[in-house]
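>>> Return a 3D structure for these sequence lines:
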Amino acid sequence: LPDPATPAGRDGLAALLANPAKAVVALDFDGTLAEITADPEQSRAHPAAVPAIAALAPHVASVAVITGRPAATAVEYGGFAGVTGLEHLVVLGHYGAERWDAATGEVTAAPEHPGVTAVRAELPGFLDEAGARPGTWVEDKGRAVAVHTRRADDPQAAFDALHTPLAALATRHGLVLEPGRMVLELRPPGMDKGVALAGHVRDTGATAVLYAGDDLGDLPAFAAVETLRAEGVPGLLVCSGSAEVTEVADRADLTVPGPAAVTALLAALADATR
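Numbering: from 1, shown residues only. This is a model prediction of the structure:
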(Lines give C-alpha, C1' and ligand atoms only; values in the text may rest on other atoms or scores of the structure.)
Protein backbone atom coordinates (compact mmCIF):
# COMPACT_ATOMS: atom_id res chain seq x y z
CA LEU A 1 0.00 0.00 0.00
CA PRO A 2 1.26 3.52 -0.75
CA ASP A 3 1.89 5.86 2.17
CA PRO A 4 -0.43 8.91 2.29
CA ALA A 5 1.40 12.24 2.31
CA THR A 6 -0.56 13.75 5.21
CA PRO A 7 -1.05 12.78 8.86
CA ALA A 8 -4.84 12.88 8.41
CA GLY A 9 -4.58 10.55 5.44
CA ARG A 10 -2.34 8.14 7.34
CA ASP A 11 -4.85 8.14 10.21
CA GLY A 12 -7.66 7.46 7.76
CA LEU A 13 -5.87 4.52 6.16
CA ALA A 14 -4.93 3.11 9.57
CA ALA A 15 -8.54 3.31 10.77
CA LEU A 16 -9.79 1.57 7.62
CA LEU A 17 -7.27 -1.25 8.01
CA ALA A 18 -7.91 -1.61 11.75
CA ASN A 19 -11.66 -2.14 11.32
CA PRO A 20 -12.56 -2.62 7.63
CA ALA A 21 -16.02 -3.99 8.49
CA LYS A 22 -16.95 -0.48 9.64
CA ALA A 23 -15.41 1.36 6.66
CA VAL A 24 -16.96 2.89 3.54
CA VAL A 25 -14.89 2.98 0.34
CA ALA A 26 -16.46 5.49 -2.07
CA LEU A 27 -15.37 6.03 -5.66
CA ASP A 28 -16.13 8.36 -8.53
CA PHE A 29 -16.64 6.61 -11.88
CA ASP A 30 -15.37 8.63 -14.88
CA GLY A 31 -11.69 9.45 -14.50
CA THR A 32 -11.37 7.29 -11.39
CA LEU A 33 -12.62 3.81 -12.25
CA ALA A 34 -12.82 4.54 -15.99
CA GLU A 35 -10.60 6.56 -18.30
CA ILE A 36 -12.03 9.83 -19.62
CA THR A 37 -13.16 9.42 -23.24
CA ALA A 38 -14.17 11.91 -25.93
CA ASP A 39 -17.50 10.08 -26.15
CA PRO A 40 -18.90 9.40 -22.65
CA GLU A 41 -20.99 6.54 -24.07
CA GLN A 42 -17.75 4.68 -24.79
CA SER A 43 -16.53 4.94 -21.19
CA ARG A 44 -16.01 1.62 -19.44
CA ALA A 45 -14.51 0.65 -16.10
CA HIS A 46 -10.87 -0.38 -16.16
CA PRO A 47 -10.66 -4.16 -16.71
CA ALA A 48 -9.15 -4.66 -13.26
CA ALA A 49 -11.77 -2.53 -11.47
CA VAL A 50 -14.54 -5.09 -10.95
CA PRO A 51 -12.21 -7.87 -9.76
CA ALA A 52 -10.56 -5.45 -7.31
CA ILE A 53 -13.88 -4.17 -5.97
CA ALA A 54 -15.27 -7.72 -5.72
CA ALA A 55 -12.21 -8.73 -3.69
CA LEU A 56 -12.51 -5.73 -1.37
CA ALA A 57 -16.29 -5.36 -0.94
CA PRO A 58 -16.92 -8.42 1.28
CA HIS A 59 -14.46 -7.05 3.86
CA VAL A 60 -15.86 -3.51 4.26
CA ALA A 61 -19.21 -2.07 5.30
CA SER A 62 -19.88 -0.77 1.79
CA VAL A 63 -18.28 0.13 -1.51
CA ALA A 64 -20.16 3.04 -3.10
CA VAL A 65 -19.75 4.39 -6.62
CA ILE A 66 -20.88 8.03 -6.55
CA THR A 67 -21.41 9.54 -9.98
CA GLY A 68 -23.26 12.20 -11.90
CA ARG A 69 -24.35 9.57 -14.41
CA PRO A 70 -27.69 7.75 -14.12
CA ALA A 71 -27.25 4.83 -11.76
CA ALA A 72 -28.25 2.26 -14.38
CA THR A 73 -25.71 3.68 -16.87
CA ALA A 74 -22.89 3.47 -14.34
CA VAL A 75 -23.88 -0.11 -13.53
CA GLU A 76 -23.85 -1.02 -17.24
CA TYR A 77 -20.58 0.75 -18.06
CA GLY A 78 -18.98 -0.53 -14.89
CA GLY A 79 -20.07 -4.13 -15.44
CA PHE A 80 -21.27 -4.32 -11.83
CA ALA A 81 -24.46 -6.37 -12.19
CA GLY A 82 -24.53 -10.02 -11.18
CA VAL A 83 -20.92 -10.17 -9.97
CA THR A 84 -20.16 -12.44 -7.03
CA GLY A 85 -18.61 -10.47 -4.19
CA LEU A 86 -20.38 -7.19 -4.95
CA GLU A 87 -23.29 -7.71 -2.58
CA HIS A 88 -22.11 -4.70 -0.52
CA LEU A 89 -21.85 -2.42 -3.58
CA VAL A 90 -24.20 0.51 -4.12
CA VAL A 91 -24.19 2.99 -7.00
CA LEU A 92 -25.41 6.48 -6.12
CA GLY A 93 -26.29 8.01 -9.49
CA HIS A 94 -27.17 11.60 -10.31
CA TYR A 95 -25.25 12.68 -7.20
CA GLY A 96 -27.43 10.52 -4.99
CA ALA A 97 -30.84 11.19 -6.55
CA GLU A 98 -30.77 7.56 -7.75
CA ARG A 99 -29.54 4.46 -5.92
CA TRP A 100 -28.79 0.99 -7.28
CA ASP A 101 -28.16 -1.83 -4.81
CA ALA A 102 -26.23 -4.87 -5.98
CA ALA A 103 -28.04 -6.97 -3.38
CA THR A 104 -31.40 -6.38 -5.11
CA GLY A 105 -30.46 -5.15 -8.57
CA GLU A 106 -33.06 -2.39 -8.23
CA VAL A 107 -32.87 1.37 -8.80
CA THR A 108 -34.77 3.80 -6.59
CA ALA A 109 -35.08 7.45 -7.58
CA ALA A 110 -36.42 10.84 -6.58
CA PRO A 111 -38.73 12.85 -8.92
CA GLU A 112 -37.09 14.86 -11.74
CA HIS A 113 -36.53 18.58 -11.18
CA PRO A 114 -38.74 20.67 -13.56
CA GLY A 115 -35.81 22.93 -14.40
CA VAL A 116 -34.02 20.04 -16.10
CA THR A 117 -37.02 19.49 -18.36
CA ALA A 118 -37.05 23.17 -19.32
CA VAL A 119 -33.31 23.35 -19.98
CA ARG A 120 -33.41 20.16 -22.06
CA ALA A 121 -35.88 21.82 -24.43
CA GLU A 122 -34.19 25.22 -24.51
CA LEU A 123 -30.53 24.26 -24.70
CA PRO A 124 -30.06 23.52 -28.46
CA GLY A 125 -31.29 26.96 -29.54
CA PHE A 126 -29.53 28.59 -26.60
CA LEU A 127 -26.16 27.15 -27.68
CA ASP A 128 -26.69 28.39 -31.25
CA GLU A 129 -27.35 31.91 -29.95
CA ALA A 130 -24.35 31.71 -27.63
CA GLY A 131 -22.08 30.93 -30.57
CA ALA A 132 -21.04 27.48 -29.41
CA ARG A 133 -18.02 26.18 -31.33
CA PRO A 134 -18.34 23.24 -33.73
CA GLY A 135 -17.78 20.01 -31.85
CA THR A 136 -19.66 21.20 -28.77
CA TRP A 137 -22.42 18.74 -27.97
CA VAL A 138 -25.14 18.03 -25.39
CA GLU A 139 -25.46 14.90 -23.27
CA ASP A 140 -28.90 14.23 -21.78
CA LYS A 141 -28.21 12.53 -18.46
CA GLY A 142 -31.86 12.18 -17.49
CA ARG A 143 -31.78 14.21 -14.27
CA ALA A 144 -29.16 16.62 -15.58
CA VAL A 145 -27.94 18.00 -18.90
CA ALA A 146 -24.25 18.34 -19.78
CA VAL A 147 -22.52 20.41 -22.45
CA HIS A 148 -19.23 18.87 -23.62
CA THR A 149 -16.44 20.82 -25.34
CA ARG A 150 -13.73 18.12 -25.60
CA ARG A 151 -14.47 17.57 -29.31
CA ALA A 152 -14.19 21.28 -30.22
CA ASP A 153 -11.13 22.53 -32.11
CA ASP A 154 -10.11 24.48 -28.98
CA PRO A 155 -11.83 22.69 -26.06
CA GLN A 156 -10.69 25.12 -23.36
CA ALA A 157 -11.74 28.22 -25.32
CA ALA A 158 -15.14 26.65 -26.03
CA PHE A 159 -15.50 25.79 -22.34
CA ASP A 160 -14.56 29.30 -21.21
CA ALA A 161 -16.92 30.98 -23.69
CA LEU A 162 -19.94 28.97 -22.52
CA HIS A 163 -19.32 29.04 -18.77
CA THR A 164 -20.97 32.40 -18.01
CA PRO A 165 -24.03 32.07 -20.29
CA LEU A 166 -24.72 28.52 -19.09
CA ALA A 167 -24.42 29.65 -15.48
CA ALA A 168 -27.09 32.28 -16.19
CA LEU A 169 -29.31 29.68 -17.90
CA ALA A 170 -28.97 27.35 -14.93
CA THR A 171 -29.87 30.10 -12.47
CA ARG A 172 -32.92 31.10 -14.50
CA HIS A 173 -34.32 27.56 -14.20
CA GLY A 174 -33.40 26.96 -10.57
CA LEU A 175 -30.42 24.74 -11.39
CA VAL A 176 -26.70 24.89 -10.62
CA LEU A 177 -23.80 24.74 -13.06
CA GLU A 178 -21.13 22.14 -12.27
CA PRO A 179 -17.90 22.55 -14.27
CA GLY A 180 -15.73 19.53 -14.97
CA ARG A 181 -13.07 18.27 -17.35
CA MET A 182 -14.23 19.98 -20.59
CA VAL A 183 -17.86 19.61 -19.52
CA LEU A 184 -20.44 21.98 -18.02
CA GLU A 185 -23.32 20.22 -16.29
CA LEU A 186 -26.65 21.82 -15.39
CA ARG A 187 -28.29 19.95 -12.52
CA PRO A 188 -30.65 20.46 -9.57
CA PRO A 189 -29.33 22.17 -6.43
CA GLY A 190 -29.10 20.59 -3.01
CA MET A 191 -27.45 17.37 -4.12
CA ASP A 192 -23.79 16.78 -4.79
CA LYS A 193 -21.25 14.05 -4.14
CA GLY A 194 -20.58 15.45 -0.68
CA VAL A 195 -24.23 15.22 0.34
CA ALA A 196 -24.46 11.72 -1.13
CA LEU A 197 -21.28 10.56 0.60
CA ALA A 198 -22.12 12.03 4.01
CA GLY A 199 -25.58 10.46 3.91
CA HIS A 200 -24.19 7.06 2.98
CA VAL A 201 -21.56 7.16 5.72
CA ARG A 202 -24.25 8.12 8.20
CA ASP A 203 -26.63 5.39 7.02
CA THR A 204 -23.97 2.68 7.26
CA GLY A 205 -22.64 3.85 10.63
CA ALA A 206 -19.10 3.80 9.23
CA THR A 207 -16.17 4.70 11.46
CA ALA A 208 -13.72 5.28 8.58
CA VAL A 209 -14.07 6.43 4.98
CA LEU A 210 -12.00 6.52 1.80
CA TYR A 211 -13.04 8.66 -1.16
CA ALA A 212 -11.33 8.65 -4.57
CA GLY A 213 -12.07 11.17 -7.34
CA ASP A 214 -10.45 13.15 -10.14
CA ASP A 215 -12.55 16.21 -11.01
CA LEU A 216 -14.05 19.41 -9.62
CA GLY A 217 -17.34 17.64 -8.94
CA ASP A 218 -15.48 15.46 -6.44
CA LEU A 219 -14.42 18.40 -4.27
CA PRO A 220 -17.73 18.41 -2.31
CA ALA A 221 -17.02 14.78 -1.39
CA PHE A 222 -13.52 15.80 -0.28
CA ALA A 223 -15.13 18.51 1.86
CA ALA A 224 -17.53 15.95 3.34
CA VAL A 225 -14.60 13.74 4.36
CA GLU A 226 -12.88 16.74 5.93
CA THR A 227 -16.06 17.48 7.90
CA LEU A 228 -16.31 13.85 8.99
CA ARG A 229 -12.72 13.99 10.19
CA ALA A 230 -13.59 16.99 12.35
CA GLU A 231 -16.44 14.92 13.80
CA GLY A 232 -14.09 12.05 14.68
CA VAL A 233 -14.47 9.81 11.60
CA PRO A 234 -11.01 9.29 10.05
CA GLY A 235 -10.82 9.53 6.27
CA LEU A 236 -8.44 9.11 3.35
CA LEU A 237 -8.73 11.35 0.26
CA VAL A 238 -7.36 9.86 -2.97
CA CYS A 239 -6.85 11.74 -6.25
CA SER A 240 -6.89 9.89 -9.55
CA GLY A 241 -4.31 12.19 -11.08
CA SER A 242 -4.86 14.32 -14.18
CA ALA A 243 -2.97 17.19 -15.78
CA GLU A 244 -6.35 18.79 -16.60
CA VAL A 245 -7.42 19.36 -12.98
CA THR A 246 -4.95 20.20 -10.20
CA GLU A 247 -7.36 21.29 -7.47
CA VAL A 248 -8.19 17.70 -6.52
CA ALA A 249 -4.54 16.69 -6.14
CA ASP A 250 -3.95 19.79 -4.02
CA ARG A 251 -6.59 18.58 -1.53
CA ALA A 252 -5.76 14.87 -1.60
CA ASP A 253 -3.80 12.85 0.95
CA LEU A 254 -2.69 10.46 -1.77
CA THR A 255 -2.42 10.94 -5.54
CA VAL A 256 -2.17 8.00 -7.93
CA PRO A 257 -1.80 8.17 -11.74
CA GLY A 258 -5.28 7.38 -13.04
CA PRO A 259 -7.79 4.52 -13.05
CA ALA A 260 -5.26 1.71 -13.42
CA ALA A 261 -3.51 2.89 -10.26
CA VAL A 262 -6.83 3.36 -8.45
CA THR A 263 -7.77 -0.23 -9.16
CA ALA A 264 -4.32 -1.37 -8.01
CA LEU A 265 -4.91 0.53 -4.76
CA LEU A 266 -8.27 -1.21 -4.30
CA ALA A 267 -6.64 -4.59 -4.91
CA ALA A 268 -3.95 -3.80 -2.34
CA LEU A 269 -6.63 -2.80 0.16
CA ALA A 270 -8.42 -6.08 -0.49
CA ASP A 271 -5.23 -8.00 0.26
CA ALA A 272 -4.60 -5.96 3.42
CA THR A 273 -8.13 -6.42 4.82
CA ARG A 274 -8.43 -10.19 4.38
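
>>> residues in contact with Gly93?
By Cβ atoms under 8 Å, 6 or more residues apart in numbering, the residues touching Gly93 are Thr67, Gly68, Arg69, Pro70, Ala71, Ala72, Thr73, Ala74, Arg99, Trp100, Val107. Every C-beta, even on glycine, is put in place using the N, C-alpha and C of the backbone.

>>> how about Pro220, secondary structure?
Under DSSP: H, G, I helix; E, B strand; the rest coil, Pro220 falls in the helix class.

>>> what helices or strands is the longest helix seen in the chain leaning on?
Scanning the chain for the helix with the most residues, using DSSP state H, yields helix 155-172. Other helices and strands packing on helix 155-172, by 3 or more Cβ pairs under 8 Å, 6 or more residues apart in numbering; DSSP states H and E, are helix 114-129, strand 176-180, strand 183-187.

>>> and for it, what are the contacting residues?
Helix 155-172 is contacted from outside by 115, 119, 122-123, 126-127, 130-133, 135-136, 147, 149, 152, 176-177, 179, 182, 184, 186, using Cβ under 8 Å, 6+ apart.

>>> just the buried members of these?
Taking 16 or more other Cβ atoms under 10 Å as the criterion, what is buried in the contacts of helix 155-172 is 115, 119, 123, 126-127, 130, 132-133, 136, 147, 149, 152, 176-177, 179, 182, 184, 186.

>>> got the contact list for the residue nearest to Glu106 when sequence neighbours are not counted?
Once flanking residues are discounted, Glu106 sits nearest to Trp100: 7.1 Å by Cβ to Cβ, 6 or more residues apart in numbering. By Cβ under 8 Å, 6+ apart, Trp100 lies in contact with Ala71, Ala72, Ala74, Val75, Phe80, Val90, Val91, Gly93, Glu106, Val107.

>>> about what we covered before: just the buried positions in the longest helix of the chain, please.
In helix 155-172, counting by 16+ other Cβ under 10 Å, buried: Pro155, Ala158, Phe159, Ala161, Leu162, Pro165, Leu166, Ala167, Leu169, Ala170.
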